[in-house]
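Chemist: Fold the following and give me the result.
(chains A, B, C and D)
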Amino acid sequence: MSPSNFRLRPDAPAAPAMGPVLDVKDLRISYSARTVVHGVSFQAARGETTAVIGESGSGKSTIARAIIGLLPQGAHLESGTITLAGDTLTRRPSHEFDGIRGRRIGFVPQDPSNSLDPVATIGAHVGEMFRLHTTLSRAETRERVLALLDRVGLSDPVLRFSQYPHELSGGMRQRVLIAGAIALNPDLIVADEPTSALDVTVQRQILDLLDGLRAEHGTSILLITHDLAIAKDRARDTIVLRSGRIEEQDDTAKIFAAPRADYTKRLIADLPVFAPRPPPADIPAADAADAVVVSNLRVAYPTGRHQTRLAVDSVSFRVRAGTTHAIVGESGSGKTTILRCLTGLIMPDAGTILIEGEDIAHARGPARRAMLRHIQLVYQNPWASLDPRQSVRQIIEEPLRNFAIDSPAGRRARVEAMLDRVHLPRTLLDRRPAEMSGGQCQRVALARALVIEPRILVLDEVVSALDVTVQARVLDLLAELRRDLGLTYIFVSHDLAVVRQIADTLSVIRHGRQVERGPADTLFDAPAEPYTKLLLAAIPGQGNAAPVQLQET
Amino acid sequence: MKIPPLSQISLAASWLLLGLLLAMVADPALFTRYSATAGAAVEHLRAPSGAHWFGTDQLGRDVFARIIYGANRTLPAALIAVATGLLAGAGIGALAGAAGGRVDAVLTGLMDVLMSIPELLMSLTIVILLGFGTIHAAIAVGIGQIAGFARIVRGDVTRISAMTFVEAARGGGATFAGVLWRHVLPNCMTSLIGLSVLRYSTAILSIATLGFLGYGAPPPAPEWGLMISEGRDYLATAWWMTTFPGLAVLLVALATTRISRTIVDPAGKRR
Amino acid sequence: MTRSAPATRPPAAYAETAARIAVRAGHALLVLWGAFTLTFVLLQLMPGDAVMIRFMDPELGLTPAQIAAIRLSYGTGASPFVQYVHTLGQMLHGNFGYSVQLGVPVSSLLATTLPVTLRLAVCGFVAAMTWTFAVAVAATLLPWAWARGLARALPGLWGAVPLYWSGILVIQVVSFRLHLIPVIGVGPWEGMILPALAVSLPVAAPLAQILLQHVDETANLPFATVARTKGASPASVFWRHIIPNAMLPFLTMGGLVFGELLAGAVVTETVFGLDGVGQLTRQAVAGQDVAVLQAVVMISATSFVTINFIIDLLYPVLNPTLRHRARRPTRSRAS
Amino acid sequence: MTFSDGSRLDAQAVALNYETYGKGNKALHFPVSEVINNFDHAEVLDPLTVRFHFTRPSPGFLQGTSVIGSGIVSPATLSHPFDELGVGTQIIGSGPFVIARDIPGKEVDLVARRDYAWPPASRAGQTRAWLDGVKILVTPEDSIRVGALLAGQAALIRQVEAYDEEQVTLAGYRLYAPSTRGVNTEIAFRPDNPLVADIRVREALLHATDRREIADTLYSPNYPLARSVLSAQAAGFRDLSDRLSFDPQRAGQLLDESGWRVGPDGLRHKDGTTLTLGIHVSQPHPQNKTMLELIAQQWRKVGVQLNVMSGSAAGIILDNLDPLRTPVTVSEVGRADPDVMKSEFFPANRDTLLQKGGQSAKVRNFHDDTLDALLLEIASDTDPRDRLGRLGDLQEYIVKNAYTIPIFEEPQVYAGAPGVHGVSFEAVGRPSFYGIWLDRR
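Modeler: Model prediction:
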């Protein structure tokens, strides 16, 4: 059965052949008294991808919700109209909108992990579209659903049909959600950050899938994203949002070639993939001492009563003092396990980890605690890693108290000095994490790690949760700290573009195995392994190169 | 002028009621000139009137005065009950959640045992063991609450112990006890306070129930549950003897429940 | 990716399930034993005993020697440890002993009282469930904000009503003033209408609160929004997506509450003059009828343990994510 | 005459019954009956005649055979252990009704015996009971009991509290208040407790008690004010009401004389002790708790603190055996024979005053040989006139010593629906269903 077979829209009005599929005019949305979208107007061209980009707080998600008529609780549409293929969507009664959603506007959500009902099967999820909007029988629905699952590139649709969401990977779930969104061949698909929760290779495939569907069915796509690189690769038109206002909107190519707004310029400059790789700052002598030596690390997890699964298998690398070693891998590759071993949180089943010559892997009690003074860990999510009830001062001071360093007055001075070090104003000293931005929190987390003067920092995806501009500033700070304090970094990330900015050497990990390792330059310029090549090719923003082989992920 | 939403009105009313009750506990004589224990027998079973707002009971005692003085007895007792349950329960729960492993298994089993015994039967047995009286009834009710507190605290401690900032604190060199004291317990506090306030209202109900069943204060002490219990014999002839103490229990329980909701969910996220 | 699971379960999964059931069952038995022991200790600590309460009545005029003889004949004169072993052994054989207070075997007391209480618990539970869902529907789906707010306030009100008070009022108004339903000498089910009504509200209060909480939580999860983006109406999302998910944690609470209903009927039965386990408990506590109390505790503990056990087993059936549980890393160091 | 199990009611059966009542049966746990004194053995003379032998004269015996606990039961019943007789269906008698169902503490169903043909002389001519059956439901809640009657859900209820009497009669229902004809409801002292060892203290409290206020506030005309220790309906009653007057002034004077002085707290003190007395509520008596609260209010006016205590059943029993814990107690016995005084006061019986060598091992000194001698004489005096005379002396003796404060004569108050006729009662106020008939118009 070919996909064109279910182009059934008997009741769909004959859409005007010309004109934009989506027309947003003077949209103004507020939360109680606070206006978050200030009179935004834009159009989305038929059969094309239009990107709306902006950082957190730019109002891009609110606009997406307004288009599908599901503004969050408390949000209020103050003025403006939204027109879909000639039909006005705004101010429609709720039950009328129910007939439009799904049938004429498809929606692809951000986080596939929570976007599928955990107690409903995949078949039920996609089938719901037909149940709600058509009178097809169960058998017919099943056939349509199986065809759709096949179309979005899921292997073995019959098996998938009766599986539950938790049995599928993130990428597969996103395919299921896309299958639902395209089921009734809508005029427009609103994709709200469809790939930001996915691994880079999967991201690439999902975007390819969306592109393919657009090309095939002529569906228009409104792509909401924070990632300029994706917009550059995928969208014909791009709208740059900032604080609820449009900074710039134009042909994508034009924007990237000659951005007019300062904000756009800065965004593009801060994007790692476009930023030039900084010259390696005084690379330490080749004979510098090894700060970290990991050899033949192996960690197994029990999966059943007598079974185990290897999370990390024979990983070895060494990091010279004063350099940055990056560990790169996608989710589930075992990179987090490695860094937990490095900080002594997990005891490996085999192998050694020498931190400045001492084996932390098998150290216990006071010995391990003493080693923590030399190696500190900074986490991915800045808010989660800070105690919400502590003030900045208490947070940074705590390790000093733990190791009984200095007098109370001396500690206070150290805390303040540390705050200067990470470029935070002292006025923040009495704030709590919830009162600060992500970038500020991450700087506080860095300050806490550095206050006891460790020589090695393990950085776990420290910039992944941050906006592009903030990300760039934190990376700058990291480089500065390494230079000034002579630190050694172990930098764990899935984002090769970021890694390229900072790493001297790197290890590529997949399924717990070390695929490749070596100096960063070598790996980026001449990768030996196919997987490394795949990872590099998947970095968005390099233009739409040859499509990556469509495989189920 | 816009009328404030129902939830705001109810919250304000709850605090107002609580304030009034506190004043009653502090100085009951401020609210009534009648004695709660001595009445004029000739004026027995009088219906509510200007002289006796809530009427009089079978011995001519002023029902309003008895409710006021009853607050003086019931409310501190409920506090004792919650304190008993909170201290023991939080201790056990925190230990179980933080220690994990075998300690957790044993303590969880113990809590299951406590929960498997009907709460009222447990309270009655303990009152018989300790002797009758409001304070003893309060302790008995508190013991009945231990398991509930322990379960919640254990859950919270387990959940918070797994959070990144706790691991980060350990990475910063904090000791087991230090992490528990400085990070885990303070972060349990909000839900624990909210639960305590909620439990306060159930404690009032439970203590009143024990009083109703005759295990509370000896006569002629004015105890709300006891008043309802005694008054129910006069229901057909003197409705005021049950209605007003019943309303007192209901209103206090309602107010504390309302307040506990704001503590647990300050932003009113649940709308 | 590595997480895709095979369609059929490996034999090891069955072995694992069996092992899990065995562990749960073992835990349940331990809890029962603990409940028995704790009650035994508490009851032993009580001043005086049932023989004293029944036979030291001045009307009988028995001498201390006679009372000692009676005590011996009931086996309550023996050392606590001997009694413990003996009672436990009898209990394991299903023999609950003899009620000193009423002079009949405990089993015959239970035979007459348990059906009454079971009826009350079932009726009360069904009624409570009805209120619970009514509130959840009203608080979620009603079109007017004030009505939703009102529905949300209801469980708090129910929970605050003292049962003994509302029960008395219900009888007075419904039965004696309106002559609608008689309270005494009526059929076993007809007689349950008023008590079930009275008991259902305080029971519905925590149930409704838990259900509302989980409905709210579930409604805020992305999949509920995604269902709306597909064009499902709020009602359809509520019944097809939110309720099935919110039911899971709700189930545990329901089990606990039902167990409490079985054992906690003391007040209801007192007020309505029902002859159930609650009334029996009350009498037995007053008369320190150890055998009866021990039996009541064992019955309620057994129901508690059984309900929890069943819910435990039911969980994976209702929640597919629990069917093959992938182990998370557990080997973090304690120190 | 047969028992309902078909066995014959003959001399053999009667002898076996009295052997069991009079001497008990250790093996089967039967206790010795309270109402049968000095019993030696029963001798069967012929199938219709039994002769009883006593160790000493037992004048109360004849009356004792008529009380409820002395009913003649079938020999099969007596072969069961005493404990198993908790269920009424096990008890086989020869009366007009048979217990068809007995759920202990909840419900008793009576069914009329169709072959019943041996009515008492007072009802000669009637054979079987008019009613086919009686359903007795135990309904502990006062309000439900009264409400059920008034709502037409019950035909006859027992224990109508004084405050409910009005609504029952106003609704056109009939009240029955048979007297229990025994020792009146009273506050009894335990003179072993030093606080009440002084007769002046006891007398003071007697006069501090405003019995009229108690009766007017809490009770109704169905509860006559006590005029002696014994009920005015009882044989041998002697009116002593002039000695039971309410006289707070006299009370204060007596207390002053005995050295109990009013302190700044309004209570009486002597040598560092306060005159505070404890008492337990006696649940079976009507409105007992309220009555005690009222008495406490009255005594408080003369500076005496009466603490109404609550406690577990076992705790109350233990307290009531300890004169230090309970210097005063509530008591009442219903029985229509002079022997009721011995039941109430004799150390081997209820021992209400708690004498040394009686029920309690906690008593240190108190014993009153005069009292005991009087009680024994009455119990064994075979001359009825003489016996009643001594009974009068006994009442005087008790009041003179202020051993008790008689409050009121306790009735059993019943209420019946308008269509219920022929309700009658035995000597101490228990109902008889035999003559009841229903008018269904």
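
Chemist: residues contacting residue 180?
Modeler: Defaulting to chain A. A:G106, A:H125, A:V126, A:E128, A:M129, C:V226, C:K230 (C-beta atoms under 8 Å, 6 or more residues apart in numbering or on different chains). Every residue, glycine included, has its C-beta placed from N, CA and C.

Chemist: Can you look at chain B instead?
Modeler: B:A94, B:A98, B:V157.

Chemist: about what we covered before: could you dump the contacts of A:G180 into a markdown table and include pLDDT?
Modeler: What follows is those, written out as a markdown table (pLDDT from 0 to 100):
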| residue | pLDDT |
| --- | --- |
| A:G106 | 92 |
| A:H125 | 91 |
| A:V126 | 92 |
| A:E128 | 92 |
| A:M129 | 91 |
| C:V226 | 90 |
| C:K230 | 90 |
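
Chemist: ok, the residue nearest to A:S196 when sequence neighbours are not counted - contacts?
Modeler: Excluding its sequence neighbours, the residue lying closest to A:S196 (C-beta to C-beta, 6 or more residues apart in numbering or on different chains) is A:Q110, at 6.1 Å. Taking C-beta under 8 Å, 6+ apart as the contact definition, A:Q110 lies against A:D192, A:E193, A:P194, A:S196, A:A197, C:P222.

Chemist: try 10 Å
Modeler: A:61, A:64, A:174, A:191-197, A:224-225, C:222 (C-beta atoms under 10 Å, 6 or more residues apart in numbering or on different chains).

Chemist: Name only those of those that count as buried.
Modeler: Buried residues within the contacts of A:Q110, counting neighbours by 16 or more other C-beta atoms under 10 Å in any protein chain shown: A:S61, A:A64, A:Q174, A:A191, A:D192, A:E193, A:P194, A:T195, A:A197, A:I224, A:T225, C:P222.

Chemist: Surely the fourth one is in contact with A:A64?
Modeler: This means A:A191. Yes - between A:A191 and A:A64 there is a contact at 8.7 Å, judged by C-beta atoms under 10 Å.

Chemist: ok, now how distant is D:T382 from D:G60?
Modeler: Distance of D:T382 to D:G60, given as C-beta to C-beta, to the nearest Å: 10 Å.

Chemist: okay, these two: which has more neighbours?
Modeler: D:G60 (24 against 9; other C-beta atoms under 10 Å in any protein chain shown).

Chemist: Wait, that one touches D:I378, no?
Modeler: Yes - contact criterion C-beta under 10 Å: D:G60 and D:I378 qualify, at 8.4 Å.

Chemist: The nearest residue to D:A171 once chain neighbours are set aside - how many residues pack around it?
Modeler: Of all residues beyond its chain neighbours, the one nearest D:A171 is D:L150 (5.5 Å), with distances taken as C-beta to C-beta, 6+ apart. Burial of D:L150 is recorded as 22 neighbouring residues (other C-beta under 10 Å).

Chemist: Next one: D:L150 from chain A, what distance?
Modeler: Going from D:L150 to chain A by C-beta to the nearest C-beta, to the nearest Å gives 54 Å.

Chemist: Enumerate the residues of the stretch 1-150 of chain A near chain B.
Modeler: Contacts of the stretch 1-150 of chain A with chain B, taken as C-beta under 10 Å from any C-beta of the partner chain, map to A:Q73, A:G74.

Chemist: got the residue ranges for the helices in the stretch 1-150 of chain A?
Modeler: A:60-67, A:94-100, A:122-133, A:138-151 (DSSP state H, counting those that start in this stretch).

Chemist: Report the inter-axis angle for the third one versus helix A:138-151.
Modeler: With axes from the mean of the first three to the mean of the last three C-alpha atoms, to 10 degrees as the criterion, the two stretches helix A:122-133 and helix A:138-151 enclose an angle of 120 degrees.

Chemist: and the stretch 101-250 of chain C, which of its residues are near chain A?
Modeler: Counting by C-beta under 10 Å from any C-beta, the residues of the stretch 101-250 of chain C near chain A are C:143, C:218-234, C:236-237, C:240-242, C:244-245, C:247-248.

Chemist: Those: which ones sit near chain B?
Modeler: C:N220.

Chemist: Right, and chain A sits closest to which residue of the stretch 51-200 of chain C?
Modeler: C:P143 (8.9 Å; C-beta to the nearest C-beta).

Chemist: So what sits opposite D:V328 in the bridge?
Modeler: Beta bridges link D:V328 to D:F189 when assigned by DSSP bridges.

Chemist: so it makes contact with D:S282?
Modeler: No - the pair D:V328 and D:S282 fails to qualify as a contact (C-beta under 10 Å) at a distance of 11.3 Å.

Chemist: For those two, indicate the residue with more neighbours.
Modeler: D:V328 (25 against 17).

Chemist: on that earlier part again, doesn't the residue of the stretch 51-200 of chain C closest to chain A belong to a strand?
Modeler: No - assigned with DSSP: H, G, I helix; E, B strand; the rest coil, C:P143 falls outside any strand and is coil.

Chemist: nearest residue to A:P382 other than its sequence neighbours?
Modeler: A:C441 (3.4 Å).

Chemist: residues touching that neighbour, list them.
Modeler: By C-beta under 10 Å, 6+ apart, the residues touching A:C441 are A:381-386, A:392, A:395, A:431, A:433-435, A:465-466.

Chemist: Could you rerun that using 6 Å?
Modeler: Contacts for A:C441 were tallied using C-beta atoms under 6 Å, 6 or more residues apart in numbering or on different chains; they are A:P382, A:W383, A:L386, A:P433.

Chemist: So the residue nearest the centre of chain A versus chain B, what's the distance?
Modeler: The centroid of chain A falls nearest to A:S196 when counting by C-alpha atoms, centre = their mean (3.9 Å). According to C-beta to the nearest C-beta, A:S196 and chain B sit 20 Å apart.

Chemist: do you know how far that residue is from A:V474?
Modeler: For A:S196, the distance to A:V474 - C-beta to C-beta - is 18 Å.

Chemist: same thing with A:R421?
Modeler: 14 Å.

Chemist: which residues touch the biggest helix by length in chain D?
Modeler: In chain D, taking DSSP state H as the definition, the longest helix is helix D:384-400. Outside helix D:384-400, the residues that touch it by C-beta under 6 Å, 6+ apart are D:228-230, D:236, D:238, D:240, D:243, D:338, D:341, D:374, D:377-378, D:381.

Chemist: what do you get for stretch D:265-275?
Modeler: Stretch D:265-275 has contacts (C-beta under 6 Å, 6+ apart) with D:L255, D:G259, D:W260, D:V262, D:G263, D:G303, D:V304, D:Q305.

Chemist: Make a ChimeraX selection of the buried ones in those residues.
Modeler: This is how ChimeraX selects the buried members of the contacts of stretch D:265-275, with burial counted by 16+ other C-beta under 10 Å:
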select /D:255,260,303,304,305
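
Chemist: Please determine how far A:R309 is located from chain C.
Modeler: 9 Å.

Chemist: do the same with B:T256
Modeler: 9 Å.

Chemist: next one: phi and psi at that residue?
Modeler: For B:T256, the backbone dihedrals are phi -70, psi -40 (criterion: degrees, to the nearest 10).

Chemist: and it, what is it in contact with?
Modeler: B:V197, B:Y200, B:S201.

Chemist: Which members of those residues additionally contact chain A?
Modeler: When those are checked against chain A using C-beta under 6 Å from any C-beta of the partner chain, none falls in range.

Chemist: what's the neighbour count on residue 146?
Modeler: All of this refers to chain A. A:L146 has 18 nearby residues by other C-beta under 10 Å.

Chemist: wrong one, chain D
Modeler: D:V146, neighbours per other C-beta under 10 Å, totals 29.
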